[in-house]
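Trainee: Any chance you could fold what I've pasted below:
(one chain, ligands or ions: 1)
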Amino acid sequence: MTRRMVALFFLGVLFARPIIADEGLRTFDGRHSIANIELTLVYFVPKDRAPLTDWRDRVSYFAKRLEAFHRRELDGQSSLKVIVGAEPFRASKTSEAIRGKDPNETFYNTVDETRNALKWPGKPRGAFPILLVLSEINWRELDDFRRIRVVDGKEEHEGNIGEGGRHFPGADSGGARATYWSGEGFGLGLVSADGWRVPYSGSDCVVYHEGIGHTIGLPHPEPIDNSVMGLAQYQGWLNETFLNVEQKKTLGWKPKTARDKGPDSLFTAFTAIPTPATPKTGQPVALVLRWPSSAKVKSLRARYQTEIAGPWSEVKTELGTTGSPPTRLALPPFKRATPVSYRINVTLEDGQEVELWGYFQVK
Ligand SMILES: [Zn+2]
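Mentor: Take a look at the predicted model:
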């Protein structure tokens, strides 16, 4: 398994970049057109687990984030279509059997069963095919909502927390990885539960990094940077990062002046950061909202939950009468220590819409 992974990792280096006569974006090694990409996004549930009741909302959220980022960063020169399966994929094996000995076995056990059952990729459809599996489990047992792992009977924290106390994806028990199959012309990716089920800011970066980046052959930039193939997942949401320009040029991207990155793009500008980052029980907590310049808000909806399988509670929102959008959204104080996931839906008067999910912990 390990040798197979290593071979795949180096494919981009082993094959010389062929000279391509036709126009349009291609995989990192130049072998396959990515003018159109079709990403099949599958929610994978082992036999001994139950699907999240709101799984479709979660999976569709990533589908929209990926499409918006891909369009913005490649200026429409590569078009990404994400297809979300109608039902969760119910695996024939238990979590333990799927996990195997190590994260590489987990990867192949997960993607191989999914591919075979779906007979993926099927007939060519004029698009570069990618299968991305969002798994209900991690390589090792991990409570990704509380970010707790039980070691020798004791609860230990596991998960990435930034300097300011914000939560970002990243856990040793995770196991997300992806491969680009140069000979066959497709990509396969797995995002383990810790990378997507709980919406830390940066989870959408992980889903793009594995789901689109590595599966079209993009490596980590050298030197490492803050792009989506670099360290973006430890810094913020997908709308706040970028694709490395040298990597884009290797794909065949041509710089364009009109880019959907300006101060008026809702997707690019909007963030909602919990303040304080780690509120204490009973302490007021608010989401600090960042808007595009001169945004006129038509509707604003916010919800939160304190259990991953629990209900979503509505947050009272007021648009005010001044015409300028609210910069703070107060959440009710939390009476006990708990993780909190939140989600916000915004529509502007000019028709732009965005959805953003986040997470924090009350201590
Ligand atoms: Zn990577």
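Trainee: From what I see, Q235 and T241 are in contact.
Mentor: Yes: contact status for Q235 versus T241: in contact at 7.3 Å, counting by C-beta atoms under 8 Å. (C-beta placed from N, C-alpha, C; glycine too.)
Trainee: Mind checking which of the two has more residues around it?
Mentor: Between Q235 and T241, counted using other C-beta atoms under 10 Å, T241 has the larger neighbour count: 25 against 16.
Trainee: How about the contacts made by P46?
Mentor: 91, 93-95, 98, 136-137 (C-beta atoms under 8 Å, 6 or more residues apart in numbering).
Trainee: Most neighbours among those, which one?
Mentor: I137 (27 neighbours).
Trainee: Quick one: residues contacting the nearest residue to that residue once chain neighbours are set aside.
Mentor: With C-beta to C-beta, 6 or more residues apart in numbering as the measure, S95 is the residue that lies nearest to I137, at 4.9 Å, once sequence neighbours are left out. Neighbour list for S95: 46, 48-49, 137 [criterion: C-beta under 8 Å, 6+ apart].
Trainee: Check V82 too.
Mentor: Contact analysis of V82 by C-beta under 8 Å, 6+ apart lists 39, 41, 63, 66-67.
Trainee: Would you mind giving those residues as JSON lines with neighbour count, distance to W181 and pLDDT added?
Mentor: Listed next are the contacts of V82 as JSON lines, based on neighbours: other C-beta atoms under 10 Å; distance: C-beta to C-beta, whole Å; pLDDT from 0 to 100:
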{"residue": "L39", "neighbour count": "24", "distance to W181": "15", "pLDDT": "98"}
{"residue": "L41", "neighbour count": "22", "distance to W181": "18", "pLDDT": "98"}
{"residue": "A63", "neighbour count": "19", "distance to W181": "22", "pLDDT": "98"}
{"residue": "L66", "neighbour count": "22", "distance to W181": "20", "pLDDT": "98"}
{"residue": "E67", "neighbour count": "16", "distance to W181": "23", "pLDDT": "98"}
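Trainee: helix/strand/coil for the closest residue in space to A269 that isn't next to it in sequence?
Mentor: Spatial nearest neighbour of A269, chain neighbours left out: P292 (4.0 Å); criterion: C-beta to C-beta, 6+ apart. Here P292 is coil, with the state taken from DSSP: H, G, I helix; E, B strand; the rest coil.
Trainee: how far away is P292 from A272?
Mentor: 14 Å (C-beta to C-beta, to the nearest Å).
Trainee: related to what we said a few turns ago, will you turn the contacts of P46 into JSON lines that also has secondary structure, pLDDT and distance to R71?
Mentor: Converted to JSON lines, those look like this (DSSP: H, G, I helix; E, B strand; the rest coil; pLDDT from 0 to 100; distance: C-beta to C-beta, whole Å):
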{"residue": "A91", "secondary structure": "coil", "pLDDT": "98", "distance to R71": "33"}
{"residue": "K93", "secondary structure": "coil", "pLDDT": "97", "distance to R71": "37"}
{"residue": "T94", "secondary structure": "coil", "pLDDT": "97", "distance to R71": "39"}
{"residue": "S95", "secondary structure": "helix", "pLDDT": "97", "distance to R71": "36"}
{"residue": "I98", "secondary structure": "helix", "pLDDT": "97", "distance to R71": "34"}
{"residue": "E136", "secondary structure": "coil", "pLDDT": "97", "distance to R71": "29"}
{"residue": "I137", "secondary structure": "coil", "pLDDT": "97", "distance to R71": "31"}
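Trainee: Return the member of the residues you listed nearest to Q352.
Mentor: E136 (32.8 Å; C-beta to C-beta).
Trainee: host element of the closest residue to L66 other than its chain neighbours?
Mentor: The shortest distance from L66 to any non-neighbouring residue, by C-beta to C-beta, 6+ apart, is to Y208 (5.4 Å). Assigned by DSSP states H and E, Y208 falls within helix 203-208.
Trainee: Could you check which of P292 and A272 has the larger neighbour count?
Mentor: A272 (23 against 19).
Trainee: Surely that one is in a helix?
Mentor: No: per three-state DSSP, A272 lies outside any helix segment and is strand.
Trainee: got a pLDDT number for the residue nearest to R56 when sequence neighbours are not counted?
Mentor: Distance criterion C-beta to C-beta, 6+ apart; nearest residue to R56, sequence neighbours excluded, is V84 at 7.2 Å. pLDDT, V84: 97.
Trainee: show me what contacts V84?
Mentor: 41, 56, 59-60, 63.
Trainee: So what pairs up with it in the strands?
Mentor: L41 (DSSP bridges).
Trainee: For E246, see how far away it is.
Mentor: In terms of C-beta to C-beta, V84 sits 32 Å off from E246.
Trainee: Look up the residues forming beta bridges with L80.
Mentor: I37.
Trainee: when you give positions from now on, start the count at 42
Mentor: Okay, using 42 as the starting number, the last item reads as L121.
Trainee: For it, the count of nearby residues, please.
Mentor: 23.
Trainee: now the one 10 residues further on
Mentor: Neighbouring residues of R131 were enumerated by other C-beta under 10 Å; the total is 13.
Trainee: before we move on, what about T388?
Mentor: 15.
Trainee: Does it touch L360 like I think?
Mentor: No: if you go by C-beta under 8 Å, T388 and L360 don't touch, sitting 11.3 Å apart.
Trainee: so what's in contact with the two at the same time?
Mentor: V338.
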